[in-house]
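Colleague: Fold the following, please.
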Amino acid sequence: YLGVLGFTFTTLKPSDLKPSGMSKSSNLHVLAFHLVNSEDFSEYVVSTVPEIESVLISSVAEGYTGEVLVTILGKNLIGHPITCDDETFKTVKYGNSKVTATIYCDGIIEDTQITLTCGSSSGTGVLKVVDSSKIFNIGDILFTDGTRIKMEDAQYGIPDEKLSKAFAVIVSVSYDGGIGKAIGLQKSNSKLAWASTGTTGYTEDFTEIKCSKDSNIASIAMFEGDLEGSDNWDYICKIDPTGTQDAATNYPVFHFANTYGVENNLSDTEFVDGWYIPSAPELCAIVNNLEEIETALEYALGSVLGEDWYWTSSTLNATNILRVSFSKDTVEGEDKALSDNAFGIVFRNVNPEDFSVYDIDSNPVIQDVEIMSVAEGYIGKVMVSITGENLKGKEVICDDVTFGDVNYVCDTRITATISSDGVVGEKVIKV
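Modeller: Residues are numbered from 1 along each chain as shown. Model (predicted):
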């Protein structure tokens, strides 16, 4: 059997062929084919058998209750169900070499091993709950006085004198605890170029910070090459010592990182330096915990991440840099000189042992209970309004057996109902 295996591609000008009726300004595309014999080519079979290579589970601090990220790495995973001996296991996103999932944590200090199965392959991972002084939780808000507040506690309101000292939010934690990655509260005021046109930075390949990916989906992409962004600017300075002297002109997004501490009133703190443009895998880590991080940024009066694109410090090739959109769950290459395609955002390495846990008073306080008056003979439900502090999510108990329809309007108000029998008189209830 003879067939066409492939073709080459070239372009000819009309003057080369001079076809009748052809415009002189048009070009013709020409395909060149080659006959080949199928007996000269053995068949290569791509394996579709799923294989689990490793199971990574994020460590959490003592007392944390909720879902914990599980990352399954392997081969041919897409299209094959993954089962777990933990009944709280839920898959989130499938990729061929990476799957994300969650399990529930009860906050008790202990190591819990789980086993996953995919086809005939299996793997185990360990959920570690450790002393809160040795690990951050995603969404922890950091303050320049060396304290931190858990995101879920911040819903009760951060005191004004405390809020003015907020400077970062934890976005990722190593699987064994220890050093965490914190995002600065403010993104750049405008979109910036990575390197300006006509500069060494624009034409230089920067091979040692090159990063390849196997997917454009940020939450499941696997990366090779540049994984850590904290030393990328030092490398760029080494390659281009002259151009980096004027970063504001030649490397605008890195100038934003280099001056972040000064521009954001951190000059009198120990956190004025150390900010950097994150690598592609560091920035993509935000996607898997986007809701918690955006909520924490809101509590700390930080920037809204929204639907914007953000630069990484990882190069894709000589002229393209990887950028990330959290809302689109996308990582892709973009021309490094374009100044209207991405914002700058900064990370910093932080140690949990440098930040003590600050507890916001979350004890509920009832200040007033109001019950709607009704006319004689009215039989039915009557509105009850409870006002106070730190009420949201707290159990409400009443000595009236008809008390119900509890609605947590906000942290300072709860509504409910009791039943009226229509008899003239007053009724006292205790909440």
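Colleague: For this protein, which segments count as helices?
Modeller: 14-17, 151-154, 160-163, 200-203, 232-239, 247-250, 252-258, 260-263, 280-284, 290-299 (DSSP state H).
Colleague: any idea which of these is most buried?
Modeller: Stretch with highest mean neighbour count among the helices of the chain: helix 280-284 (a mean of 27; mean count of other CB atoms under 10 Å). From N, CA and C alone the C-beta is placed, and that goes for glycine too.
Colleague: Need the residues that contact it.
Modeller: Residues external to helix 280-284 that are found in contact with it (CB atoms under 8 Å, 6 or more residues apart in numbering): 172, 181, 211, 213, 218-219, 221, 223, 226-229, 310, 312, 314, 322, 324, 331, 345, 347.
Colleague: what mean pLDDT would you report for that helix?
Modeller: The average pLDDT within helix 280-284 is 97.
Colleague: Next: stretch 186-193.
Modeller: So the average pLDDT for stretch 186-193 ends up being 96.
Colleague: Could I get the CA-only coordinates of it as PDB?
Modeller: Provided in PDB are the C-alpha atoms of stretch 186-193 (Å, rounded to 0.1, in the frame of the first residue of the first chain):
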ATOM      1  CA  GLN A 186      -1.500  45.400  45.900                       C
ATOM      2  CA  LYS A 187      -1.000  44.600  42.200                       C
ATOM      3  CA  SER A 188       0.600  47.200  39.900                       C
ATOM      4  CA  ASN A 189      -1.500  50.300  39.300                       C
ATOM      5  CA  SER A 190      -1.400  49.600  35.500                       C
ATOM      6  CA  LYS A 191      -0.400  46.900  33.000                       C
ATOM      7  CA  LEU A 192       3.300  46.700  32.400                       C
ATOM      8  CA  ALA A 193       5.800  45.300  29.900                       C
END
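Colleague: What distance do you get for the residue sitting nearest the centre point of the chain to residue 393?
Modeller: Geometric centre of the chain, nearest residue: residue 286, 1.5 Å, by CA atoms, centre = their mean. Shown here: residue 286 relative to residue 393, a distance of 26 Å by CB to CB, to the nearest Å.
Colleague: can you check residue 282 too?
Modeller: 33 Å.
Colleague: pretty sure residue 337 is touching residue 250, no?
Modeller: No: under the criterion of CB atoms under 8 Å, residue 337 is not in contact with residue 250, lying 10.7 Å apart.
Colleague: Can you check which residues contact both of those two?
Modeller: 195-196.
Colleague: residue contacts, residue 158?
Modeller: Contacts of residue 158 by CB under 8 Å, 6+ apart are 141, 149, 166, 299-300, 360.
Colleague: Okay, the closest residue in space to residue 332 that isn't next to it in sequence and residue 411: tell me how far apart.
Modeller: Spatial nearest neighbour of residue 332, excluding adjacent residues (CB to CB, 6 or more residues apart in numbering): residue 216 at 5.6 Å. Going from residue 216 to residue 411 by CB to CB gives 40 Å.
Colleague: Of those two, which one has the most company?
Modeller: Taking other CB atoms under 10 Å, residue 216 and residue 411 do not tie; residue 411 has more neighbours (18 against 13).
Colleague: give me every residue that touches residue 95.
Modeller: The neighbours of residue 95, taking CB under 8 Å, 6+ apart as the test, are 77-78, 214-215, 217, 220-222.
Colleague: Likewise for residue 220?
Modeller: By CB under 8 Å, 6+ apart, the contact set of residue 220 is 93-95, 98-100.
Colleague: any idea which of those is closest to residue 109?
Modeller: Checking those against residue 109 by CB to CB gives residue 100 as the nearest, at 25.1 Å.
Colleague: how much space between the closest one and residue 222?
Modeller: Distance of residue 100 to residue 222, given as CB to CB: 12 Å.
Colleague: And these two? Which one has more around it.
Modeller: residue 100 (17 against 14).
Colleague: can you pull the buried residues of stretch 353-364?
Modeller: Neighbour-count burial for stretch 353-364 flags 355, 357-358, 362, 364 (criterion: 16 or more other CB atoms under 10 Å).
Colleague: Which two of those residues have the greatest separation?
Modeller: Applying CB to CB across the buried residues of stretch 353-364, the maximum distance is between 355 and 364, 27.1 Å.
Colleague: picking up where we left off before, and the helices of the chain, which one's lowest on average pLDDT?
Modeller: Lowest mean pLDDT within those: helix 14-17, at a mean of 54.
Colleague: rewinding a little: can I get the helices of the chain in TSV with distance to residue 116?
Modeller: What follows is the helices of the chain, written out as TSV (distance: least, CB to CB, whole Å):
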stretch	distance to residue 116
helix 14-17	61
helix 151-154	28
helix 160-163	42
helix 200-203	44
helix 232-239	34
helix 247-250	46
helix 252-258	39
helix 260-263	40
helix 280-284	22
helix 290-299	24
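Colleague: wait, which of those is closest to residue 374?
Modeller: Residue 374 lies closest, by CB to CB, to one member of the helices of the chain: helix 151-154, at 39.0 Å.
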